[in-house]
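Novice: can't give you the sequence, but here's the structure:
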């Protein structure tokens, strides 16, 4: 299978996308897996002197991890932040021991879920890996992950790492980690005060890709033109994407087509099929840039209301079927990205099927919990594309069911202080649906902005209550939901961490 694909750096260049064993061999990843690729061509740091800076940084980091855990304060960033002050090279030193290399996963949405699924596939295949499961994906969080995994002699037991990495931190961390594989999920508008727009996000990821070793493998989302246009240079590049029938795709097509210019020549892109936001089948009528043919495909899915979907994958030409217990089309992409990376790294199809079938949503990402006879659904929202998909999934699940909503939006630096994305989120869809909630509690430092947006969307003022203090808002929302009813919690990032902490305290007070 060969596809014509024009890269922005050279619009007349033809790039092939080979599938199956040929593609794996071309990418330097035979069926024996990634271990064969990397065990011999990177010198581990065994025998290297740790040095007083690295040793001091590690000891301080481990002490802080112990202290923060004792105080029940988490400990995902402070230890790494302090350790990197002492030894800025700590990540480079510790990651050099990963003889099977690092798989870096970046993009706007789906990093946490994709990384979690990929780590689970490695585990199902009997291979240990280092993974920043807490989702802390800046340099401090990555450092904390390494510090916790290392022993007091600065040695790592793991041979490989699966790490989600923030888009802005991706360039610097690629230099430190020197990943052997990089996966890019998608690019959407997010944290406008920090990134500006999608072009800035794409530029940051492109800079990180350019910092990858020449022998690295690059795995890109073919359905996202901003991602597919990333230039891998000499690095082998493989693609994943949906390959649905017209009937199946018609059920996903958004009401409005995106106004996205071609990343190569700025001409308006034409779409023959659209899945969500700007993801789909596209071409540029001016310069010829088009969606590359993916070697890793999702060929079919059938939704199971409230439970996920059955999916059919084609991984390098080999069909695989699995039950994915995660809802939403965005999780189809996350599962496909993880399966593509696993397949390219030589993991078995049975491990992929097993891990996907056992998938559990990471904390706050369509996470389901039960508390005091109430069903809770916690879904992170942080930009219009992701939030709209969450709302669509809610509406599908909640038809004719009584539910209540707690929406908690902060405008702290870690979230992005610009909340204009709320104006682009289709809350009207929920307000006019049969699944509209019986009560809406609004909280967070951005509660006033959120209230005005929901009022404009048409929510009933008599059903809305503003409580900026999140602990009281959570208690109010739980009280509004009767036993057997569902409480939907939609937080952004820092609010999600607060919600998880307060839910833990409430659960601890309940009779066992």
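Specialist: That came in fine, so what should we check first? None of the values given here were measured: they were computed from a predicted structure.

Novice: skipping adjacent residues, who's closest to residue 313 in space?
Specialist: Of all residues not flanking residue 313 in the chain, residue 320 sits nearest, at 4.5 Å (C-beta to C-beta, 6 or more residues apart in numbering). For the C-beta atoms, the positions are set from N, CA and C on the backbone; glycine is no exception.

Novice: for the stretch 201-350 of the chain, which spans come out with low pLDDT?
Specialist: Residue ranges of the stretch 201-350 of the chain with pLDDT under 70: 250-256, 306.

Novice: for it, what spans make up the strands?
Specialist: For the stretch 201-350 of the chain, the strands defined by DSSP state E, counting those that start in this stretch cover 217-221, 236-242, 270-276, 279-283, 296-304, 308-315, 318-324.

Novice: so which bits of the fifth one are buried?
Specialist: I take that to be strand 296-304. Within strand 296-304, the residues that qualify as buried by neighbour count (16 or more other C-beta atoms under 10 Å) are 296, 297, 298, 299, 300, 301, 303.

Novice: so which elements touch that strand?
Specialist: With contacts taken as 3 or more C-beta pairs under 8 Å, 6 or more residues apart in numbering; DSSP states H and E, strand 296-304 sits against strand 236-242, strand 308-315, strand 318-324, helix 329-344.

Novice: tell me what the helix ranked longest in the chain is packed against?
Specialist: Looking across the chain with DSSP state H, the single longest helix is helix 52-70. Helix 52-70 is packed against helix 78-86, helix 90-95, helix 139-149, with contacts defined by 3+ C-beta pairs under 8 Å, 6+ apart.

Novice: now the angle from the first one to helix 139-149?
Specialist: Same thing as helix 78-86. 100 degrees (axes from the mean of the first three to the mean of the last three C-alpha atoms, to 10 degrees).

Novice: residues in contact with helix 78-86?
Specialist: Helix 78-86 is contacted by residues 53, 56-58, 60-62, 64-65, 68, 90-91, 136, 139-145, 147-148 when judged by C-beta atoms under 8 Å, 6 or more residues apart in numbering.

Novice: out of these, which end up buried?
Specialist: Buried members of the contacts of helix 78-86, counted by 16+ other C-beta under 10 Å: 57-58, 60-62, 64-65, 68, 90-91, 136, 139-145, 147-148.

Novice: got the strands of the stretch 201-350 of the chain as JSON lines, with distance to residue 425 columns?
Specialist: Below are the strands of the stretch 201-350 of the chain laid out as JSON lines (distance: least, C-beta to C-beta, whole Å):
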{"stretch": "strand 217-221", "distance to residue 425": "22"}
{"stretch": "strand 236-242", "distance to residue 425": "23"}
{"stretch": "strand 270-276", "distance to residue 425": "13"}
{"stretch": "strand 279-283", "distance to residue 425": "17"}
{"stretch": "strand 296-304", "distance to residue 425": "23"}
{"stretch": "strand 308-315", "distance to residue 425": "24"}
{"stretch": "strand 318-324", "distance to residue 425": "25"}
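
Novice: and the chain, what are its domains?
Specialist: Listed domain ranges for the chain are 20-357, 365-503 (source: automatic domain parsing).

Novice: which one, of those domains, ends up nearest to residue 510?
Specialist: domain 365-503 (6.2 Å; C-beta to C-beta).

Novice: relative to the whole chain's centre, how far out is the closest one?
Specialist: Relative to its chain's centre, domain 365-503 lies at 20 Å (C-alpha atoms, centre = their mean, to the nearest Å).

Novice: what mean pLDDT does that domain have?
Specialist: Averaged over domain 365-503, pLDDT sits at 91.

Novice: that one: end-to-end distance?
Specialist: 15 Å (C-alpha to C-alpha, to the nearest Å).

Novice: wait, residue 408 sits on residue 494?
Specialist: No - with contact defined as C-beta atoms under 8 Å, residue 408 does not count as touching residue 494 (9.2 Å).

Novice: more crowded one of these two?
Specialist: Between residue 408 and residue 494, residue 408 has the larger neighbour count (other C-beta atoms under 10 Å), namely 28 against 19.

Novice: list the beta-bridge partners for that one.
Specialist: Residue 408 has the following beta-bridge partners by DSSP bridges: residue 443, residue 491.

Novice: let's number from 317 now, not from 1
Specialist: Noted, 317 is the first residue going forward, which turns the last one into residue 724.

Novice: how close does it sit to residue 484?
Specialist: According to C-beta to C-beta, to the nearest Å, residue 724 and residue 484 sit 24 Å apart.

Novice: right, I'll call it a day here.
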